[in-house]
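[1] Turn this into a structure:
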Amino acid sequence: MTTAIKAHGLDGSLVEADWPPLSPDEMASVLSRYPELHGPFQIASVSPRPLSAASVVATRSERVFMKRHARQVRDAEGLREEHRFMADLLAHGAPVPQVMKCDSGDTAVEAGDWTYEVHAIPCGIDAYEDAISWTPFRTAEHARSAGEMLARLHLAAQGYEAPARRLRQLVAGYTIFADDNPARELDQYVSERPALQQYLEQSQCAQGAMNLLTPFHEELAPVLPQLQPLWTHNDLHGSNLFWSDDDPAAKATAVIDFGLCDRTNAVHDLAHAIERSVVEWLVLVNDPANPESVPVHMDHLWSMIEGYEELRPLFAAERAALAPMLALCHAEFALSETDYFLSVLHSREKAFMACEGYLLSHAQWWRGPGARMLDAVRAWALGDPAIRKAVEA
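    Sure, this is the predicted structure:
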């Protein structure tokens, strides 16, 4: 009897996967289109990531990473948007995986209801293979190295001038709070997603979150014009990095998984990286009545910022933008995830978790216990270590 494949659940538990795992016949059929790969093909590991199906596959020539998407979520052109960005990063010295080309010269393969991509395995080890988003780095040294790696990506991305992505699900874009009228942009965003629009006609989730987040947008507004557009990763955390080893002082060696990338700005990306790993949001999911109990790893925050600034110092406007951006950065992806759960998985239960459980609850937390963290970041932005320490004490 085959053991059911488990995936990361919305509350951090392991649950039955939404998508069937790659089958041996499916894997062999797709990989036969890659001339440099030779069978037999064997599945070496199965990814627990919940939004697609993926495996590391052993071939006679090398190990590769193979990923399958529902075409409704990522068609071939949707993947090519990511692959063109990755190719440009690689050409400019960033350590990202090489996306392999099939026999037609394309980097994406469509077959039936599915779209496939195959990547070379990057240098290093997958030390956080079983970790999920919103869990902390193991050490402050890891956080520092992650910050350094993010800065390397941003330096390599300068000059990449592709337009923002087309309308896609599961993309961490930055349009709503990039505008001087976020309410208008929210209406536009929702109107383009019928399932989300219908859901929000019955739920006050988005409006409640907007009311809570408006002061952060007002704080951001004076420096917003100085934040230069940049293509960014938008999902940097421990398991989207490869590592030199398992040591507490290990260094990040490569960045993987560009599924959420889009044209945003450097502060938006840094804010995402911080909130993904510094705030333990899953504690809030499992104990919403006690938001003050959510752990915040401030030593990791400062280490990540210090690592980042060793390679790419933030200028004054970017420093001033970081605190409000921390509160705002997740909002658009939470809406994108809500739409995905509604229009692709047809699960109102999961949509409720993304909208009420993530979007609204996070906004409430930033206006409550999270204010202390934001005040510390504001003090850092002003260059006053005494105030920062006082706020943290």
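[2] mean confidence score for stretch 63-70?
    Mean per-residue pLDDT for stretch 63-70: 97.
[3] can you give me phi and psi for the closest residue in space to Arg168 that isn't next to it in sequence?
    Leaving aside its chain neighbours, Arg168 sits nearest to Gly78 (5.5 Å; criterion: C-beta to C-beta, 6 or more residues apart in numbering). From N, CA and C alone the C-beta is placed, and that goes for glycine too. Note on Gly78: backbone dihedrals following degrees, to the nearest 10 are phi -60, psi -40.
[4] Relative to His300, how far out is Gly78?
    33 Å (C-beta to C-beta, to the nearest Å).
[5] Please look at Val15 and Lys6 and confirm they touch.
    Yes: under the criterion of C-beta atoms under 8 Å, Val15 is in contact with Lys6, at a separation of 6.5 Å.
[6] check which helix or strand covers Ala183.
    Per DSSP states H and E, Ala183 falls inside helix 182-191.
[7] which residues touch the closest residue to Arg138 other than its chain neighbours?
    Spatial nearest neighbour of Arg138, excluding adjacent residues (C-beta to C-beta, 6+ apart): Pro248 at 6.6 Å. By C-beta atoms under 8 Å, 6 or more residues apart in numbering, Pro248 lies in contact with 138-139, 141-142.
[8] quick one: least confident helix or strand in the protein?
    helix 385-392 (a mean of 59; mean pLDDT, DSSP states H and E).
[9] For Leu155, grab the count of nearby residues.
    Neighbour count for Leu155, taken as other C-beta atoms under 10 Å: 14.
[10] leaving aside the residues next to it on the chain, what's closest to it?
    Nearest one to Leu155, counting by C-beta to C-beta, 6+ apart, is Arg312 at 5.8 Å.
[11] So that neighbour is in contact with Leu153, correct?
    No: the criterion here is C-beta under 8 Å, and Arg312 misses it with Leu153 at 9.6 Å.
[12] The two - which one has more neighbours?
    Of the pair Arg312 and Leu153, Leu153 is the one with more neighbours under other C-beta under 10 Å, namely 24 against 19.
[13] Send me the helix or strand that contains that one as CSV with only the CA atoms.
    Assigned by DSSP H and E, Leu153 belongs to helix 140-157. Extracted in CSV, the C-alpha atoms of helix 140-157 (Å, rounded to 0.1, in the frame of the first residue of the first chain):
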residue,chain,number,x,y,z
ALA,A,140,21.4,34.5,13.8
GLU,A,141,24.3,33.6,11.6
HIS,A,142,22.0,32.0,9.1
ALA,A,143,19.8,35.1,9.1
ARG,A,144,22.8,37.3,8.4
SER,A,145,23.9,35.1,5.5
ALA,A,146,20.3,35.2,4.1
GLY,A,147,20.5,39.0,4.2
GLU,A,148,23.8,39.0,2.3
MET,A,149,22.3,36.7,-0.3
LEU,A,150,19.3,38.9,-0.7
ALA,A,151,21.5,41.9,-1.3
ARG,A,152,23.4,39.9,-4.0
LEU,A,153,20.2,39.2,-5.8
HIS,A,154,19.2,42.9,-5.7
LEU,A,155,22.5,44.0,-7.0
ALA,A,156,22.3,41.4,-9.8
ALA,A,157,18.7,42.4,-10.7
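[14] got a list of what Trp302 touches?
    Trp302 makes contacts with Trp380, as judged by C-beta under 8 Å, 6+ apart.
[15] how far out from the middle of the chain is stretch 297-317?
    Distance, stretch centre to chain centre, for stretch 297-317: 19 Å (C-alpha atoms, centre = their mean, to the nearest Å).
[16] And the strands in this structure, which stretches?
    Ranges of strands within the chain are 6-8, 14-16, 42-46, 53-58, 63-70, 109-111, 114-120, 229-232, 241-243, 252-255, 262-265, based on DSSP state E.
[17] Give me the neighbour count for Leu37.
    20.
[18] Please apply the same query to Gln72.
    Neighbour tally, Gln72, other C-beta under 10 Å: 12.
[19] you'd agree it is up against His346?
    No: counting by C-beta under 8 Å, Gln72 sits too far from His346 to count as a contact (11.4 Å).
[20] Can you list the low-confidence ranges for the chain?
    The model of the chain has pLDDT under 70 over residues 1-4, 384-393.
[21] residue closest to the middle of it?
    The chain has Asp235 as the residue nearest its centroid, 2.1 Å off, counting by C-alpha atoms, centre = their mean.
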